[in-house]
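1. build me a model from this:
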Amino acid sequence: MTIPNNGFSIESAEVQHRGAVVTTEVLSVRTPDGDLVERQAVRHPGAVAVVAVHDGAVVLVQQYRAPVDADTIEIPAGKLDIAGEDPADAARRELIEEVGLQTDELIELGSFLTAVGFSDEIIHIYAATSCHEVPRAVDGVEEAHSSIIRLPLGDVDEWLASGRLDDAKTLIGLFWARDRGLLHQ
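-> This next block holds a predicted model:
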């Protein structure tokens, strides 16, 4: 939850780069003392992620991520890149695209800001516990070369404790789902 800003105000914002995923801006910020300081901001449309439980397992995706030049293991997720799309609808779409699962029931687990020191990205996390398989609707080269991992529910705690998972949305989603009792066998 964000709180009032204690007297700071953005005087101007200058776009430095507009890309397919993010826009970067240089902000002129007026401090409570009246000084003007410069800050950088990465603007992101937001994202959704889903802790999908199917046949006694959490369904994860292993895929390449260029910023870290490595494969990561993540819960299905994606950008809010369709104008006006409801986050729950985006979560359902991403579940089909990334792991070929469909659900009629999503449980909202929560939302979080990913890196408030430089970005406004917010991720909305859902759980899907009543899933059925459908054909994947792969969207993008990374998804086309991704692998689906089925993590047995009995192994979730071990994976959380082992350091094997290092993606923030995945860790947060799994902890939230576990704490809500959604990952029981």
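2. contacts for the helix or strand of the chain with the lowest mean pLDDT, please.
-> Using mean pLDDT, DSSP states H and E, the weakest-scoring helix or strand in the chain turns out to be helix 141-144, at a mean of 91. The list of residues contacting helix 141-144 from outside it, by CB atoms under 8 Å, 6 or more residues apart in numbering, reads 61, 63-65, 97-98, 136, 138. To be clear about C-beta, it is placed using only N, CA and C from the backbone, and glycine gets the same treatment.
3. tell me the buried residues in that helix?
-> Buried residues in helix 141-144, defined by neighbour count with 16 or more other CB atoms under 10 Å: Glu143.
4. following element in sequence after it, please.
-> As assigned by DSSP states H and E, the chain's next helix or strand after helix 141-144 is strand 147-152.
5. so which of the contacts of helix 141-144 comes closest to Asp120?
-> Of all the contacts of helix 141-144, Arg65 has the smallest distance to Asp120: 20.5 Å, by CB to CB.
6. run through the bridge partners of the closest one.
-> Assessed by DSSP bridges, Arg65 has beta-bridge partners Ala70.
7. I'd like to know which of the contacts of helix 141-144 are buried.
-> Listed as buried from those are 61, 63, 97-98, 136; burial here means 16+ other CB under 10 Å.
8. I'd assumed Ser12 was in a strand, is it?
-> Yes: assessed with DSSP: H, G, I helix; E, B strand; the rest coil, Ser12 lies in a strand.
9. can you name the residues that contact it?
-> Contacts for Ser12 (CB under 8 Å, 6+ apart) come out as 27-28.
10. again, only using 6 Å
-> By CB atoms under 6 Å, 6 or more residues apart in numbering, Ser12 lies in contact with Ser28.
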